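In: Quick check, what structure comes out for this input:
(chains A and B)
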Number of protein chains: 2
Amino acid sequence: MQQLAPVTLASLQERIEPQLEAAYDELCRIVVTDFPLVTDVNSHLLRLKGKMFRPTLLLLSAEAVGGGSKREETLAATVELIHLATLVHDDSVDHSVLRRGQPTVNSAFSHQVAVIMGDYLYSRAILALVSLDDPRPLQVMAMVTNEMTIGEMRELDAFDRLSYDQESYDALIRSKTASLMSGACEVGALAGDGEHREYLKRYGMLLGMAFQVTDDVIDYTESESVTGKPSGLDLREHKVTLPLIAALPNMSASERALVNGLMADPEPSEDVIAAVVDVVSENGGIGAARDRAAGLARDAARELEHVPDGVAKEGLRDCLTYAIERHS
Amino acid sequence: MQQLAPVTLASLQERIEPQLEAAYDELCRIVVTDFPLVTDVNSHLLRLKGKMFRPTLLLLSAEAVGGGSKREETLAATVELIHLATLVHDDSVDHSVLRRGQPTVNSAFSHQVAVIMGDYLYSRAILALVSLDDPRPLQVMAMVTNEMTIGEMRELDAFDRLSYDQESYDALIRSKTASLMSGACEVGALAGDGEHREYLKRYGMLLGMAFQVTDDVIDYTESESVTGKPSGLDLREHKVTLPLIAALPNMSASERALVNGLMADPEPSEDVIAAVVDVVSENGGIGAARDRAAGLARDAARELEHVPDGVAKEGLRDCLTYAIERHS
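Out: Got it, this is the predicted structure:
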């Protein structure tokens, strides 16, 4: 885990740049249609080109087990497409206005268009997977997508509940975030002889959990100028995440009362949010969550010990560093 | 097409009752989960057991080509499940409050739950299809689902547009309704040696168009006590369907002005809706739409001529009569 220089996404994607570009082009091809409204939404979505982190995991996993062909580019495209479909529905469910600094589909078009567009993207991904004529990636991706919907349901259930504990939180981040990253690694591993499939699947699950814990820390620690969304957004939306869960047992009665007040207020003020952010930090919530993310990354690195050495494996190790050290 | 007694859904489902029951049981098994909120929504949805018309088409098609086994029951379950998933999203997109006389998921739970639940049901259907280890039904169903999302987009585009013509309407009903019925028949036909696949696919497409045209007629002609939803609902929602498209060219200037007035009014009154219903009827819109449905059913029956004779084929013929003669 020790690094002299910070790992940026750009640096770890450098070695697979051509395949990532090809995967992105493939993604654009998969979503093409001659229906004008869908074309408009496609252009809007493709302008918000994401970090392509899941395709990166898939391509590095494939390379690590000795594979990596045209097929993996299509698989990488479908993983990003499934991610995109869930973002479109998530934003619609959350009534989010901005994503990656651009208007969401629900805000730029309408809530209706967002629901249908998510279905469109997901069914196109399935079609692309079917065309590969291999049931294994299809099965992994169908399982993962179903798991993600359970994660979304867990998230709805998690609002306003200070009794929410770490076990529930772990179940949430596993299904919501880590399952797709795990699926990306597992599908990549299918490029090999199958021997490393379970290791890479577990690596992806642990990496994904570390990634989400870090996301939840960033929500407490980073300003809007860094992340593109207001800090304390989770608290504003009454989402209970690890920093708060970890800090709660250490809080005084008056500090707990402050948190309860925020959770009871449908529109908590900036001042109250900032005060709760401070209380969480002072009671060790941020530190505990960072430690947890680092621990998960170490567990993930241990799974990599079973994977053949090489530059791709180094890339997967860098992904762990990136996952827990990033600021946005 | 001539019938002495009207064909009811119950009468045409009688001969395949055990398989339909098995398909419904399979559907219930496919959606099972241990997550409480999803279990609640499942119970709610399964109480609204639908007409199972698409599974009926699938099972009769399979039997007509000499097939029909445990596998077809699973396929029938997934077709109904995909239908259910689209209903849940449609109701959410349309903000519908009632479906089959019961509260919709978006009204009984929330809009958020409805979006996620649709995704849940659809991904479960894909998982069930993957488990059959045959890429053909999966490919058909993925194509159809994608086509249905395009249909939904067409429907959003069709609002408030009196320039909407029969060609656009046909494209809409093909993708929105007929594609899944066509897919059900095509997947059923896979139980045979493949020789009848294209005929049954086309039969299903024409049947589905006749079914939707009849739905759109029913919206003009039947009262809420018969259909379970208010009559004139399409006009209230500014949906332009075949009765109106067919009547428009025959209308006087003042009658057109009445229609334009309705379309310009965000909340048209009952009186205006009733007046437009009368104008559409007087200008031959209902009759023309009924003729179109009958013509489509005749075309569908012609496709059946290529299918082996037998009770299942008679059942498929009865489905045509049912599709155009029903009142709800």
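
In: Spatially, which residue comes closest to A:Ser92, not counting chain neighbours?
Out: A:Ala114 (3.8 Å; Cβ to Cβ, 6 or more residues apart in numbering or on different chains). In short, each C-beta sits where N, CA and C put it, glycine included.

In: Next one: that neighbour, what pLDDT does it get?
Out: As summarised for this prediction, A:Ala114 has a pLDDT of 93.

In: Just list the residues touching it, thanks.
Out: A:Val88, A:His89, A:Asp91, A:Ser92, A:Thr104, A:Val105, A:Asn106 (Cβ atoms under 8 Å, 6 or more residues apart in numbering or on different chains).

In: Please apply the same query to A:Val213.
Out: Counted by Cβ under 8 Å, 6+ apart, A:Val213 has contacts A:Ile173, A:Leu242, A:Ala289, A:Arg292, A:Ala293, A:Leu296.

In: In this structure the third one contacts A:Ala246, no?
Out: The one in question is A:Ala289. Yes: taking Cβ atoms under 8 Å as the definition, A:Ala289 is a contact partner of A:Ala246 at 5.9 Å.

In: Quick check: buried residues in stretch A:11-22?
Out: A:Leu12, A:Gln13, A:Arg15, A:Ile16, A:Gln19, A:Leu20, A:Ala22 (16 or more other Cβ atoms under 10 Å in any protein chain shown).

In: And for stretch A:58-73?
Out: Using 16+ other Cβ under 10 Å as the test for burial, stretch A:58-73 gives A:Leu58, A:Leu59, A:Leu60, A:Ser61, A:Ala62, A:Glu63, A:Ala64, A:Val65, A:Gly67, A:Gly68, A:Glu72, A:Glu73.

In: Then stretch A:274-281?
Out: A:Ala275, A:Val276, A:Val277, A:Val279, A:Val280.

In: before we move on, what about stretch A:232-251?
Out: A:232-236, A:238-248, A:251.

In: Ok, stretch A:302-316 next?
Out: Using 16+ other Cβ under 10 Å as the test for burial, stretch A:302-316 gives A:Glu303, A:Leu304, A:Val307, A:Ala312, A:Lys313, A:Gly315, A:Leu316.

In: With distance to B:Asp265 and secondary structure added, can I get the residues you listed in a markdown table?
Out: Shown next, in a markdown table, are the buried residues of stretch A:302-316 (distance: Cβ to Cβ, whole Å; DSSP: H, G, I helix; E, B strand; the rest coil):
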| residue | distance to B:Asp265 | secondary structure |
| --- | --- | --- |
| A:Glu303 | 63 | helix |
| A:Leu304 | 64 | helix |
| A:Val307 | 65 | coil |
| A:Ala312 | 63 | helix |
| A:Lys313 | 65 | helix |
| A:Gly315 | 61 | helix |
| A:Leu316 | 60 | helix |
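
In: and which of these is nearest to chain B?
Out: A:Glu303 (25.6 Å; Cβ to the nearest Cβ).

In: which residues does the closest residue to the closest one other than its chain neighbours contact?
Out: The shortest distance from A:Glu303 to any residue other than its chain neighbours is 4.0 Å, reached at A:Tyr203 (Cβ to Cβ, 6+ apart). Residues near A:Tyr203 by Cβ under 8 Å, 6+ apart: A:Ser182, A:Cys185, A:Ala300, A:Glu303, A:Leu304, A:Val307, A:Leu316.

In: any idea how far A:Val272 lies from chain B?
Out: 25 Å (Cβ to the nearest Cβ, to the nearest Å).

In: what about that residue, how many residues close to it?
Out: 18 (other Cβ atoms under 10 Å in any protein chain shown).

In: related to what we said a few turns ago, out of the buried residues of stretch A:274-281, name the ones that lie in helices.
Out: A:Ala275, A:Val276, A:Val277, A:Val279, A:Val280 (DSSP state H).

In: The residue nearest to the fourth one when sequence neighbours are not counted: which element?
Out: Setting aside the residues directly before and after it, A:Val279 is nearest to A:Glu255 in space (Cβ to Cβ, 6+ apart), at 4.8 Å. When elements are defined using DSSP states H and E, A:Glu255 is found to belong to helix A:253-264.

In: Show me what that helix is packed against.
Out: helix A:270-282 (3 or more Cβ pairs under 8 Å, 6 or more residues apart in numbering or on different chains; DSSP states H and E).

In: May I have the helix it packs on as PDB, with CA atoms only?
Out: The C-alpha trace of helix A:270-282 is given here as PDB (Å, rounded to 0.1, in the frame of the first residue of the first chain):
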ATOM      1  CA  GLU A 270     -26.000  24.500   6.400                       C
ATOM      2  CA  ASP A 271     -25.000  25.500  10.000                       C
ATOM      3  CA  VAL A 272     -26.500  22.300  11.500                       C
ATOM      4  CA  ILE A 273     -24.900  20.200   8.800                       C
ATOM      5  CA  ALA A 274     -21.500  21.800   9.400                       C
ATOM      6  CA  ALA A 275     -21.900  21.300  13.200                       C
ATOM      7  CA  VAL A 276     -22.600  17.600  12.700                       C
ATOM      8  CA  VAL A 277     -19.700  17.200  10.300                       C
ATOM      9  CA  ASP A 278     -17.500  18.600  13.100                       C
ATOM     10  CA  VAL A 279     -19.000  16.400  15.800                       C
ATOM     11  CA  VAL A 280     -18.500  13.300  13.600                       C
ATOM     12  CA  SER A 281     -14.900  14.300  13.000                       C
ATOM     13  CA  GLU A 282     -14.100  15.100  16.600                       C
END
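
In: Which neighbouring elements make contact with it?
Out: Using 3+ Cβ pairs under 8 Å, 6+ apart: helix A:270-282 touches helix A:197-221, helix A:233-236, helix A:242-247, helix A:253-264.

In: could you give the mean pLDDT of the first one?
Out: I take that to be helix A:197-221. Rounded mean pLDDT across helix A:197-221 is 97.

In: Show me what counts as buried in it.
Out: Here helix A:197-221 shows A:197, A:199-221 as buried, counting by 16+ other Cβ under 10 Å.
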